[in-house]
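Novice: Output the structure for:
(chains A and B)
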There are 2 protein chains.
Amino acid sequence: MFESAELGHRISKIAYKRELPALREALLDAQLDLLQTQKFPVIILLAGVDCAGKGETMNLLHEWMDPRHIESHALRELTDEEQDRPPMWRYWRDLPPKGKIGIFIGSWYSSPLVDNVYGITKNAELDQQLDRIRRFETMLCNEGALILKFWLHLSEAQQKKRLTKLEDDPKTRWRVQARDWKNFKHYDRFRTVSERMLRTTSTPEAPWTIVEGADQHYRSLTIGKAILEALRGRLEAPEQPKVDEPLPPMLTSIDGLQLLQTLDLSKKISPQEYRDALEMFQGRLNLLSRHKNFGKISVVTVFEGSDAAGKGGSIRRVTQALDARSYRIIPVAAPSEEERAQPYMWRFWRHLPRRGRVAIFDRSWYGRVLVERVEELCSHADWMRAYGEINDFEEQLVRNRTVVLKFWLAISKDEQLRRFKQREKIGFKRFKITDEDWRNREKWGHYEQAVCDMIDRTSTEIAPWTLVEANDKYHARIKVLKTACNRIERALEKL
Amino acid sequence: MFESAELGHRISKIAYKRELPALREALLDAQLDLLQTQKFPVIILLAGVDCAGKGETMNLLHEWMDPRHIESHALRELTDEEQDRPPMWRYWRDLPPKGKIGIFIGSWYSSPLVDNVYGITKNAELDQQLDRIRRFETMLCNEGALILKFWLHLSEAQQKKRLTKLEDDPKTRWRVQARDWKNFKHYDRFRTVSERMLRTTSTPEAPWTIVEGADQHYRSLTIGKAILEALRGRLEAPEQPKVDEPLPPMLTSIDGLQLLQTLDLSKKISPQEYRDALEMFQGRLNLLSRHKNFGKISVVTVFEGSDAAGKGGSIRRVTQALDARSYRIIPVAAPSEEERAQPYMWRFWRHLPRRGRVAIFDRSWYGRVLVERVEELCSHADWMRAYGEINDFEEQLVRNRTVVLKFWLAISKDEQLRRFKQREKIGFKRFKITDEDWRNREKWGHYEQAVCDMIDRTSTEIAPWTLVEANDKYHARIKVLKTACNRIERALEKL
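Specialist: Below is the predicted model:
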């Protein structure tokens, strides 16, 4: 795997200086085109052997292109903000938007590699991590990103020579750390694990490019040219006709029996029962939110449901029990410009709560498999892959000790009509009903199918859906509160 | 995940009988169209809870369609033929060709599930297995297969009822085995692991369909209709324009220094040295092939190289040392009709040796990233994904204790010319030189690039390439023999 990167590649200083001006100009041009067309984001990973020139390359790229449109990220200690969230969160927030270039030194490959070399993880765990990375990058590519991954390689002899040379020069001594020599002692092991890592994460859409790092002119020119070629290739690629690959159809229930239709929507409780239960469960939830271990978990709550199903009312009954500083409600509307320049999930990633906090999503990432599917705002392949992406995402939350609560508030078509009419009558409720609500209502059957598919494909043991019979608001609110209490309680017990 | 499959779906006998004739006719029509167009193979997996009706469904499908074009495979004990080969081999050989339908009961999902439920594998290992399955299925889909995966589900109460009922009836008692009751005791664990399995292997191109199994009419009609819809969808899908997605370009060496060019092709040995070394290494190889543990490993040898590089001569020097019953030479030419109806790798899978045997491939699966790439016989995406598929394949071989030897025989362009001319002159060698050889020679540079990329991407620690300087035939043959001896020796030592 490293054969071609141990040949002693060299470019003379003269040749380098001769080629550089044209390359820089072309790179700047490409960057400008990227910025103006905003066609896609560019993610450049600089990884590889210690002291093979990752930092120098990053500096050069800043020098060669317009640094205002390059975002650089070097691996450093996790901030406390980051420690509270899933390990990938630090990268999610650092992804460049469309039109920009993000450069990562180290990146999501660093700790899987180092942890395996030093025996902290076994090979099977490493494979799990690499599989997650592959899925993550595939998702980014499906969302349009151009990912360029460079592995800067040095042979064992080259690395030794380079460490010694850097150390001998007072000007560069600071660049060699004790850790570098420690890693060098495990050169062979690093090589073996790197090879496994590069091999299994080199995909057609995001392949690794291995570059010999010893000669700075060769290294810099190679990476510069590779970036230029990839940028130009993508910028000049003709607009692809969006072809919907023929995917296997989804099953529809042949006996007309659907999950939603089996709910007993007549479930109700009396006002008196409601008041008692409300007091009890809000009290319990409040106590739980002040539990000594609550600071070790976080809570992500998703509210979905038909229009006028009572999401807002249920959310308020939850938040009434919480300290205002501990929760945030995230109403999900059409994505902002900034959000549209990012992968679909980005606008949800950014609102993930810290530990000890609660995030309540009023509508959520499930929009993709509900409204976007039904209204054909995305392609068949897009919403089909979303099920897997959502499961991957929620699995990361749960692994990070997040309680994921998902409520579907179900009302009957008749009840919806009643509420729509009532909203139109009552002045202060009129803002809640729009033409769009009436239009959605015409697609009731399609939405119902989408909801059933969603539940079948994303209700998992670790992040189950709770179906809430919501024709009676009292029953709905209590079921939500009770479920929240039980799930949080269980999570605290398991700590 | 199982919500919709625990609703108590039912179809009455009358409704069933009313719908059946039309469904059967439509299925037969679709099957006939499939057979005539030979557009793709259909792979149907019937998996799920014990006694949920997998076998009955398989029987029904045979009854409903033309059984001559359906191939059924039920999981059974491994034959000794199969035990000698990688675990997936049994499935590789059973894949249906284009135009046919293959039905699998159990399939590649069975042992990952059962092994994890009974604690034989940990979750991380399960994830590794599931990842391999996903890659395998993705490969099949990329090669055109239609994969339909049905999971027949029963709730715990339903399964108990069904087991009891089957057992109480003397006619069906045989269908309930002690193992079924044993599994039933672990119902919850099976459910949890199945859910994880279904979730992570439900991809847009090969999603799982979960079917409630309790009512036979509902179950049969659902699966019949789902198969029909999927078949029709694919048969009627318009021919996709083959769009080459813009993939990141591959790196080319900017200083003109290429791996192949660094070989010292002047390496040679004298006839006397050759004779001595030949005798010694052939003797050693022969001893190794009769080593008491040789029956525990197998050897797969790949010979690739430029035209006239001396592959045949090298192969003969290897086989001279072996018992004729223990090796097979597989000359790889254009695929047969039967082979063209299968995934690309199929024609190599079928020739994998048993333990204690040697398979020598004269040209190999690397054709895809060499001649097919250079001559544009496949798409860019096809050969790009081939690197990963090849690595996956060879990893399976190595895991199954196969020594994978890969030789690239390199000669200079001048030496090739000399040999071509010589071949034209000598009568009995004239058959060895064709117009195609001269045409290939014109693309020398392209081939060289493809070879370097191949080595960089598929030379791994577990299955490394050996570059053989072959201007001098003596040197080449000895290097091949010596490498073979060393690698086999090491493999035997490690047992």
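Novice: which stretch of helix or strand covers A:Thr192?
Specialist: Using DSSP states H and E, A:Thr192 sits within helix A:187-201.
Novice: now A:Ile103
Specialist: A:Ile103 belongs to strand A:101-105, assigned by DSSP H and E.
Novice: For that strand, name the packing helices and strands.
Specialist: Where contact means 3 or more CB pairs under 8 Å, 6 or more residues apart in numbering or on different chains; DSSP states H and E, strand A:101-105 is packed against strand A:42-48, helix A:54-64, strand A:70-74. From N, CA and C alone the C-beta is placed, and that goes for glycine too.
Novice: Now do the biggest helix by length in chain A and strand A:101-105, the angle between them.
Specialist: Counting residues, the longest helix in chain A under DSSP state H turns out to be helix A:13-37. Orientation check (axes from the mean of the first three to the mean of the last three CA atoms, to 10 degrees): helix A:13-37 against strand A:101-105 gives 130 degrees.
Novice: returning to that earlier point: quick one, the strand holding A:Ile103 and strand A:42-48 angle?
Specialist: Strand A:101-105 and strand A:42-48 meet at an angle of 20 degrees, taking the same axes, to 10 degrees as the criterion.
Novice: for strand A:101-105, what is the average pLDDT?
Specialist: For strand A:101-105, mean pLDDT rounds to 94.
Novice: gap between the following helix or strand past the helix holding A:Thr192 and the chain center?
Specialist: Under the assignment DSSP H and E, the closest C-terminal helix or strand after helix A:187-201 is strand A:208-212. Offset of strand A:208-212 from its chain centre (CA atoms, centre = their mean, to the nearest Å): 27 Å.
Novice: for the host helix or strand of A:Trp408, packing partners?
Specialist: When elements are assigned from DSSP H and E, A:Trp408 belongs to strand A:402-410. Contact here means 3+ CB pairs under 8 Å, 6+ apart; on that basis strand A:402-410 packs against strand A:298-305, helix A:311-319, helix A:380-399, helix A:444-458, strand A:465-469, helix A:473-494.
Novice: Can you give the distance of that strand from its chain's centre?
Specialist: 19 Å.
Novice: I'd like the helices and strands packed on strand A:402-410 laid out as JSON lines, including mean pLDDT, distance to B:Gln177 and mean neighbour count.
Specialist: As requested, these are exported to JSON lines (pLDDT from 0 to 100; distance: least, CB to CB, whole Å; neighbours: other CB atoms under 10 Å in any protein chain shown):
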{"stretch": "strand A:298-305", "mean pLDDT": "97", "distance to B:Gln177": "43", "mean neighbour count": "24"}
{"stretch": "helix A:311-319", "mean pLDDT": "93", "distance to B:Gln177": "49", "mean neighbour count": "19"}
{"stretch": "helix A:380-399", "mean pLDDT": "92", "distance to B:Gln177": "34", "mean neighbour count": "20"}
{"stretch": "helix A:444-458", "mean pLDDT": "92", "distance to B:Gln177": "30", "mean neighbour count": "19"}
{"stretch": "strand A:465-469", "mean pLDDT": "96", "distance to B:Gln177": "35", "mean neighbour count": "21"}
{"stretch": "helix A:473-494", "mean pLDDT": "96", "distance to B:Gln177": "37", "mean neighbour count": "19"}
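Novice: which regions of chain A lie under the pLDDT threshold?
Specialist: Applying pLDDT under 70 to chain A flags residues A:240-245, A:427, A:429-430.
Novice: Wait, A:Asp264 touches A:Glu469, no?
Specialist: Yes: between A:Asp264 and A:Glu469 there is a contact under CB atoms under 8 Å: 6.1 Å.
Novice: picking up where we left off before, mind listing residues that contact the very next helix or strand once past the strand holding A:Ile103?
Specialist: If you walk from strand A:101-105 toward the C-terminus, the next helix or strand you reach (DSSP H and E) is helix A:110-117. For helix A:110-117, contacts defined as CB atoms under 8 Å, 6 or more residues apart in numbering or on different chains pick out A:47, A:75, A:87, A:121-123, A:125-126, A:129-130, A:133, A:183, A:186, A:189-190, A:193-194, A:197.
Novice: Close to chain B as well: tell me which of those qualify.
Specialist: Among the contacts of helix A:110-117, the residues within reach of chain B (CB under 8 Å from any CB of the partner chain) are A:Lys122, A:Glu125.
Novice: Could you check how many residues crowd around the nearest residue in space to A:Arg189 that is not next to it in sequence?
Specialist: With CB to CB, 6 or more residues apart in numbering or on different chains as the criterion, A:Arg189 has its nearest non-adjacent residue at 5.1 Å, and that residue is A:Val117. Residues lying near A:Val117 (other CB atoms under 10 Å in any protein chain shown) number 19.
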